[in-house]
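Peer 1: no FASTA, just this:
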């Protein structure tokens, strides 16, 4: 039972254009969402997060949008750069729950390739 | 500041052998966890610990054992390796308490395990 789903295994975008990575979740108790970026042979690194009390969070070229009614979030990268080529993982946690707050559930990942 | 250090980086085992994946962090983080990454499955939580002497199961705990005798170390033991445990293993840590934009998981570089 995949509670966090990234339905696109891969995405290819031209340098300078917008990259949009999507993530869907099924557990209505999730109220905190994160995106991690992973390069080959390295561990994932934190990119950006959003709480369920917001619908948008921006950090430089990266913006995360949250649509609670659709249980959907997306990561926008504008403009896309070659260094953005990596695997991106969406993750979610029910931080209101004492036990659940300790568990971060990840999606399958989307491999983003930025073409020059 | 080394962050999260995992050893070994690569290991090949035969079915039935046991081994320990080591994880150490030097950030005085209360929370530590182990994930495994498999193609198409994303990162799945194996075990986690909210402090020395306290451990709990994640999503896929079977076949793995953990202990937390110190704040710094969180080893993962494979009791009797099986081919299904072939995977890349990531250790991660963060400050204790609620997940937030400032309190996110820091991952190690990973340990690639092959069980023949």
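Peer 2: Right, received. Where do you want to start? Please read all numbers here as calculations on a predicted model, not as lab measurements.

Peer 1: Would you mind naming what in chain A lies close to chain B?
Peer 2: Where chain A comes near chain B, counting by Cβ under 8 Å from any Cβ of the partner chain, the residues are A:4, A:6, A:9, A:32, A:34, A:36, A:41-46, A:49, A:89, A:91, A:93, A:95, A:101-109. Every residue, glycine included, has its C-beta placed from N, CA and C.

Peer 1: residues touching the residue in chain A that chain B sits nearest to, list them.
Peer 2: Closest residue of chain A to chain B, Cβ to the nearest Cβ: residue A:43 (3.1 Å). Applying Cβ atoms under 8 Å, 6 or more residues apart in numbering or on different chains to residue A:43 gives the contacts B:4, B:90, B:92, B:107, B:108, B:109, B:110.

Peer 1: Please apply the same query to residue B:72.
Peer 2: B:24, B:25, B:26.

Peer 1: filter those residues by proximity to chain A?
Peer 2: Within the contacts of residue B:72, nothing lies near chain A by Cβ under 8 Å from any Cβ.

Peer 1: which of these lies closest to residue A:19?
Peer 2: Taking Cβ to Cβ as the measure, residue A:19 sits nearest to residue B:25 out of the contacts of residue B:72, at 31.8 Å.

Peer 1: you'd agree residue A:41 is up against residue B:109?
Peer 2: Yes. Taking Cβ atoms under 8 Å as the definition, residue A:41 is a contact partner of residue B:109 at 7.0 Å.

Peer 1: more crowded one of these two?
Peer 2: residue B:109 (16 against 10; other Cβ atoms under 10 Å in any protein chain shown).

Peer 1: Get me the contact residues on chain B for chain A.
Peer 2: So far as Cβ under 8 Å from any Cβ goes, chain B lies against chain A at B:4, B:31, B:33, B:35, B:40-45, B:48, B:50, B:56, B:58-59, B:90, B:92, B:98-101, B:104-110.

Peer 1: just the buried members of these?
Peer 2: Buried by 16 or more other Cβ atoms under 10 Å in any protein chain shown: B:4, B:31, B:33, B:35, B:42-45, B:48, B:50, B:58-59, B:90, B:92, B:99, B:104-110, out of these.

Peer 1: related to what we said a few turns ago, out of the residues of chain A next to chain B, which are inside strands?
Peer 2: A:4, A:32, A:34, A:36, A:45, A:46, A:49, A:89, A:91, A:93, A:105, A:106 (DSSP state E).
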